[in-house]
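Visitor: coordinates for the following, if possible.
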Amino acid sequence: MNPYTEISAHIARSAQLAMLLEVSASPKPGNVDREHDFPDTSYEHFLASSVGVYPVLEEAAGGRKGIGTLLVHAVSESVAWQKGGNTHFGAFLLLIPLAMAAGEILSEKREDRCTDGSGPGISGPEKLEGGDLEALVSRAHALVRATDSGDAVEFYRAFAAGGVRVNSVEEFDLEASASTAELREQNVSLYDLMEISKGYDLIANEWTTGFRRCLEGAETVLAFMQARNGESASEENSGKNSEINSEKNSGKNSEINSEKNFGINHSGTGINEAVVYTFLKLLSRHRDTFIQTKFDAETADRASSRARSILSTWENQDQNSVSGQDSGSDTGLNAGLIAGKRDFGALLPALREFDSELLEQRINPGSTADVIIAGLFIALLGGLRF
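Guide: Now for the predicted structure:
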């Protein structure tokens, strides 16, 4: 296989696996998972979409088309393979620029190895390590900033094809055909649309702030898995580890990493628990704008408050088993390191109750799920295995 084709395939598989892991994780309060469906959208619809979009993810990693065109292709492939409607629109908006950025970075790493005479080395593409994860989101941010009015027009086409529930962008009605002509006339880029929407749309906010929540999700998953499996948090698995493992944090991390398993019996690979915990953590910290769009800001804030309360109770109940450390105010690496050592089984009753409450009220944190997919994608590129 051509080495650059191999890189694109590796990136596409990572994105595909991220989508599959997210929808399979359970209990994930309010959302479709392997244990329950929505009336019109099922677990199998998400699986079909994840598989069907593979060629588009490979195209994105190869950098052969623009973001807007790739978004239209992704939505078209998604709906061609299933009848459950919009399953991954928000995730595509995050995955496409991240996949494009990953393709550029991994190709550069491959070229550097060939140039310095070290050769291709072992089979398979390089993984992202050290500062690469930070570089990934920075590169993706540069790519979205470079979008143009053509990408904005394609976004409107994708919106129509996917039957997406979003807020209309103030000046440009997403359901009005005349808006596309206005976008071209005023030279409004897709990034400009995201700037307009960032105050009330979580995905737009990720575009404009440099995919920070996606990176937070990746770091939390990686650290949770490292702690659960008795590993130390290594620099090669997080773009911010060099910062987090700095002098001010080294004492805290050393204490956490010196602990063993605290008598907790873990089963399975741990990836389900990592995804569920990270989902709850991000929901507790960031308002889910899909809920806000479907209901209102108050409903979205209540869901986040409930998630915070559940995490706080769990952390306080189990604080003795992690040397009294409280992960409630921590994000990313530190939160995952602490949570990965806790008794996850103690969290399940409250999680299931929360899940039932949201399902009964048809409240689903869809934007948080999209960010989790992107975070898993970054983590897998960073070497996450289970």
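Visitor: can you pull out the helices in the stretch 101-250 of the chain?
Guide: With DSSP state H, counting those that start in this stretch as the criterion, the stretch 101-250 of the chain has helices at 132-145, 149-162, 178-185, 190-197, 202-209, 212-228, 241-244, 247-258.
Visitor: winner for burial among the ones you listed?
Guide: Stretch with highest mean neighbour count among those: helix 212-228 (a mean of 27; mean count of other Cβ atoms under 10 Å). C-betas here are computed from N, CA, C, even on glycine.
Visitor: show me how far that one is from its chain's centre.
Guide: Centroid separation between helix 212-228 and its chain, computed with Cα atoms, centre = their mean, to the nearest Å, is 10 Å.
Visitor: any idea of the mean pLDDT in stretch 180-199?
Guide: Computed over stretch 180-199, the mean pLDDT rounds to 92.
Visitor: no, scratch that, I was asking about stretch 95-112
Guide: Stretch 95-112 carries an average pLDDT of 93.
Visitor: do stretch 292-308 as well
Guide: For stretch 292-308, the per-residue pLDDT averages 96.
Visitor: and for stretch 56-71?
Guide: 95.
Visitor: then stretch 3-22?
Guide: Average pLDDT, stretch 3-22: 94.
Visitor: for it, output the C-alpha coordinates as CSV.
Guide: These are the backbone C-alpha positions of stretch 3-22, laid out as CSV (Å, rounded to 0.1, in the frame of the first residue of the first chain):
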residue,chain,number,x,y,z
PRO,A,3,2.4,5.0,2.5
TYR,A,4,0.2,8.1,2.2
THR,A,5,-2.8,5.9,1.3
GLU,A,6,-2.0,3.9,4.4
ILE,A,7,-2.0,7.1,6.5
SER,A,8,-5.4,8.1,5.1
ALA,A,9,-6.9,4.7,5.8
HIS,A,10,-5.5,4.7,9.4
ILE,A,11,-7.1,8.1,10.1
ALA,A,12,-10.4,7.1,8.5
ARG,A,13,-10.5,3.9,10.6
SER,A,14,-9.7,5.9,13.8
ALA,A,15,-12.7,8.3,13.0
GLN,A,16,-14.9,5.3,12.2
LEU,A,17,-14.0,3.5,15.4
ALA,A,18,-14.6,6.7,17.4
MET,A,19,-18.2,6.9,16.1
LEU,A,20,-18.8,3.2,16.9
LEU,A,21,-17.3,3.5,20.4
GLU,A,22,-19.4,6.6,21.3
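Visitor: which SSE is Ile338 in?
Guide: helix 332-339 (DSSP states H and E).
Visitor: one more: Ser304?
Guide: helix 297-317.
Visitor: now the angle from that helix to helix 202-209?
Guide: If you take axes from the mean of the first three to the mean of the last three Cα atoms, to 10 degrees, helix 297-317 sits at 80 degrees to helix 202-209.
Visitor: could you list the domains of the protein?
Guide: Under the assignment automatic domain parsing, the domains of the chain span 3-209, 220-375.
Visitor: just send the helices of the stretch 101-250 of the chain back as JSON lines, with distance to Val75 too.
Guide: Formatted as JSON lines, these follow (distance: least, Cβ to Cβ, whole Å):
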{"stretch": "helix 132-145", "distance to Val75": "17"}
{"stretch": "helix 149-162", "distance to Val75": "4"}
{"stretch": "helix 178-185", "distance to Val75": "16"}
{"stretch": "helix 190-197", "distance to Val75": "14"}
{"stretch": "helix 202-209", "distance to Val75": "14"}
{"stretch": "helix 212-228", "distance to Val75": "20"}
{"stretch": "helix 241-244", "distance to Val75": "35"}
{"stretch": "helix 247-258", "distance to Val75": "42"}
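Visitor: ok so, going back, could I get the domains of the chain as JSON lines with distance to Phe386?
Guide: What follows is the domains of the chain, written out as JSON lines (distance: least, Cβ to Cβ, whole Å):
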{"stretch": "domain 3-209", "distance to Phe386": "9"}
{"stretch": "domain 220-375", "distance to Phe386": "4"}
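Visitor: and those: which comes nearest Arg385?
Guide: domain 220-375 (8.7 Å; Cβ to Cβ).
Visitor: give me the distance between the two termini of the closest one.
Guide: The straight-line separation of the ends of domain 220-375 (Cα to Cα, to the nearest Å) is 9 Å.
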